[in-house]
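K.L.:
I would like the atomic coordinates for the input below:
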Amino acid sequence: MPAPLLESGLNPDPILQFQRWFEDAAGAGISQPNAMTLATVSRDGAPSARIVLLKRVDKHGFEFYTNYLSRKGRELDGNPRVALVFHWEPLGRQVRIEGEATKVSPKESDAYFHSRPLEHRIGAWSSSQSEPATREELERRYEEIKAQYSAGGIPRPPHWGGFRVVPRAIEFWQQRPARLHDRILYERRPEGSWRIRRLSP
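P.N.:
Prediction:
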């Protein structure tokens, strides 16, 4: 179990604190430490959650990629407020993030799309994500796209790209004995600095 989470050891920048914990998770051999729960809300207030993969984190926020016409894409268009959760059970840690999602630039989406394995690029064209389809339809569509771009040069679908979650609150949770867990909350002030508070478990 990692050491207690004490104010004296915190980085004043929660993104740098997150990167430190992320490196710990990757170093601990956790499978897909970049897996995170993404929670969205529809226009009529119905919540929805699923696991997506973090592809980049920097001072601007947390990035993931998806089909913009999927359920999550449509919900984000209607209500950009989201929550993210990372859970690294072997380390007794979780990170909760609240903020707003905005689309990354087409240039950024292009760069990431062309870094993906060939079969993933074909898959992005083949699936109308969140829409009903049979397995046979999916496989037939995959083979059609594969044949269409057999010479290479698969472009990014216009309906596929990235979102960046700009955080307004980030909470770090560290497991402790007797369920007296450490909870440290960073909240962004209007001018951009961060307020740090300890919460009761």
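
K.L.:
show me where this structure has its strands.
P.N.:
Ranges of strands in the chain, per DSSP state E, are 35-41, 47-53, 56-58, 61-67, 81-88, 93-103, 160-174, 182-188, 194-198.

K.L.:
how about those strands in JSON lines, adding distance to Ala111 and mean neighbour count?
P.N.:
Where you see a C-beta, it was placed from the backbone N, CA and C, and this is true even at glycine. Formatted as JSON lines, those follow (distance: least, C-beta to C-beta, whole Å; neighbours: other C-beta atoms under 10 Å):
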{"stretch": "strand 35-41", "distance to Ala111": "21", "mean neighbour count": "18"}
{"stretch": "strand 47-53", "distance to Ala111": "16", "mean neighbour count": "13"}
{"stretch": "strand 56-58", "distance to Ala111": "11", "mean neighbour count": "15"}
{"stretch": "strand 61-67", "distance to Ala111": "11", "mean neighbour count": "21"}
{"stretch": "strand 81-88", "distance to Ala111": "22", "mean neighbour count": "19"}
{"stretch": "strand 93-103", "distance to Ala111": "14", "mean neighbour count": "19"}
{"stretch": "strand 160-174", "distance to Ala111": "10", "mean neighbour count": "20"}
{"stretch": "strand 182-188", "distance to Ala111": "28", "mean neighbour count": "18"}
{"stretch": "strand 194-198", "distance to Ala111": "29", "mean neighbour count": "13"}
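
K.L.:
against Ala169, how distant is the residue of the chain most remote from its centre?
P.N.:
Ranked by distance from the centre of the chain (C-alpha atoms, centre = their mean), the top residue is Ala151, with 32.6 Å. Distance from Ala151 to Ala169, counting by C-beta to C-beta, to the nearest Å: 48 Å.

K.L.:
could the strands of the chain go into a markdown table alongside mean pLDDT and distance to Ser128?
P.N.:
Output for the strands of the chain, formatted as a markdown table (pLDDT from 0 to 100; distance: least, C-beta to C-beta, whole Å):
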| stretch | mean pLDDT | distance to Ser128 |
| --- | --- | --- |
| strand 35-41 | 98 | 19 |
| strand 47-53 | 98 | 17 |
| strand 56-58 | 98 | 26 |
| strand 61-67 | 97 | 8 |
| strand 81-88 | 98 | 23 |
| strand 93-103 | 98 | 19 |
| strand 160-174 | 98 | 11 |
| strand 182-188 | 98 | 37 |
| strand 194-198 | 97 | 41 |
